[in-house]
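K.L.:
sequence and computational prediction follow.
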Amino acid sequence: MAPFFTIQQKLLLMTSSVSHSRKIYFLIFGLFIFLLTATALLYTRNVSQEPYIVFLSGAGMQEPVNKIAADFEQQTGIKVQTHFDGSSILRDYILKFKTGDIFLPGDKKNLDILQKKGLIKRSAFLAWHVVAILVSPQAADKISSLDDLSKPGIRLAMSNPRQASLGRLVMKKIIRKHPRGQAILNNIKAYGSSSQDVLRLYHQGNIDAVIEWEVMALTPAGKGLIVIPLQKPYQIKEPLNGGLLTTSKHPKLAKRFFQYLISSGREVFRRQGYNENRGNT
């Protein structure tokens, strides 16, 4: 505001020595400049606040989600902001701040919690998330099954049960059920907040294997890891469901992107190695 008042004061000084008609002219001219400037500022603000989609996704799906978001932006011109973290962290964020357009957790239970709170308008199946043991090539001769994870000296990493849905699933369906579960637990040397964090810990060294989503071995960060499938009854196969949130600030755009996610997006997941078969593993 200060520059405007300075201009106005200058206009008043100038008009004090001119005729009444010129005073009117300068006042009209100053008003015109003010209105023109205000209009330009309003236009700029509207442009900077252009609508966009907020896509909240579990960190384990970063590669397909980024691909889907980029493809949608390229085809429609509508920007998609992707945010990745542990599914439980994102769920709590949605519950607290009541914001976001699309939610894609690694564990469907996080979606169910929001559903009960009335925050999910629609949900749909995208693919299956399968858990496996991902073994370092250097430890391939020592680990060929889940039982081997309990051997003395084996160094493991996994997702933190307090931060990531996968961590809770591993604790509940593998470690607590396995007769050598305590020994496996004792061999866990590091916990990550997400799948990416777990792989980062692996690359830092001194880790023989990680218990992770199988598809992480197909990502650049998981390159070289050897996939060891889990035997029954320790297999974990979770439906990967996306949800359209009722908290959307732009519901029409959110609905449009959701339709894209469950059609073209599903194909992206398939191409990136996610299991799309609804049957048993």
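P.N.:
Happy to help now that I have it.
K.L.:
which SS state does residue 243 fall under?
P.N.:
What DSSP: H, G, I helix; E, B strand; the rest coil gives for residue 243 is strand.
K.L.:
what does the pLDDT read for residue 171?
P.N.:
Looking at residue 171, its pLDDT is 96.
K.L.:
state the number of residues packed around the spatially closest residue to it that is not a sequence neighbour.
P.N.:
Computed as C-beta to C-beta, 6 or more residues apart in numbering, the closest residue to residue 171 that is not its neighbour in sequence is residue 161, at 4.8 Å. Quick note: C-beta positions are derived from backbone N, CA and C, even for glycine. Residue 161: 17 surrounding residues under other C-beta atoms under 10 Å.
K.L.:
repeat that for residue 51.
P.N.:
Residues within reach of residue 51, counting by other C-beta under 10 Å, total 11.
K.L.:
right, and it touches residue 248 too?
P.N.:
No: between residue 51 and residue 248 there is no contact under C-beta atoms under 8 Å: 10.1 Å.
K.L.:
rewinding a little: for the residue nearest to residue 171, helix, strand, or coil?
P.N.:
coil.
K.L.:
any idea how far it is from residue 212?
P.N.:
14 Å (C-beta to C-beta, to the nearest Å).
K.L.:
same question for residue 185.
P.N.:
As for residue 185, its distance to residue 212 is 16 Å (criterion: C-beta to C-beta).
K.L.:
what's the answer for residue 231, then?
P.N.:
17 Å.
K.L.:
how about the residue nearest to residue 171, phi and psi?
P.N.:
For residue 161, the backbone dihedrals are phi -60, psi -20 (criterion: degrees, to the nearest 10).
K.L.:
contacting residues for residue 254?
P.N.:
By C-beta atoms under 8 Å, 6 or more residues apart in numbering, the contact list for residue 254 reads 53, 101-102, 244-245, 248.
K.L.:
which one among those gets closest to residue 84?
P.N.:
Distance to residue 84 across those (C-beta to C-beta) is lowest for residue 102, with 12.6 Å.
K.L.:
which residue is the nearest non-sequential neighbour of the closest one?
P.N.:
Spatially, and ignoring its direct neighbours in sequence, residue 102 is nearest to residue 55 (4.6 Å; C-beta to C-beta, 6+ apart).
K.L.:
got it, and residue 133?
P.N.:
Nearest to residue 133 is residue 228, by C-beta to C-beta, 6+ apart, at 4.0 Å.
K.L.:
which residues sit against the strand or helix carrying that neighbour?
P.N.:
Using DSSP states H and E, residue 228 sits within strand 226-229. Defining contact as C-beta under 8 Å, 6+ apart, one finds that strand 226-229 is touched by 132-137, 140, 143-146, 209, 214, 217, 235.
K.L.:
and with 7 Å instead?
P.N.:
132-135, 137, 140, 143-145, 214, 217 (C-beta atoms under 7 Å, 6 or more residues apart in numbering).
K.L.:
can you pull out the strands in the protein?
P.N.:
Using DSSP state E, the strands of the chain run over 52-58, 79-85, 102-104, 120-135, 156-159, 188-192, 209-213, 226-229, 237-245.
K.L.:
nearest to residue 264, of those strands?
P.N.:
Nearest of the strands of the chain (C-beta to C-beta): strand 120-135, 11.2 Å.
K.L.:
helices or strands up against the closest one?
P.N.:
Where contact means 3 or more C-beta pairs under 7 Å, 6 or more residues apart in numbering; DSSP states H and E, strand 120-135 is packed against helix 108-116, strand 209-213, strand 226-229, strand 237-245, helix 264-271.
K.L.:
which other helices and strands contact the second one?
P.N.:
What it means is strand 209-213. strand 120-135, strand 156-159, helix 195-203.
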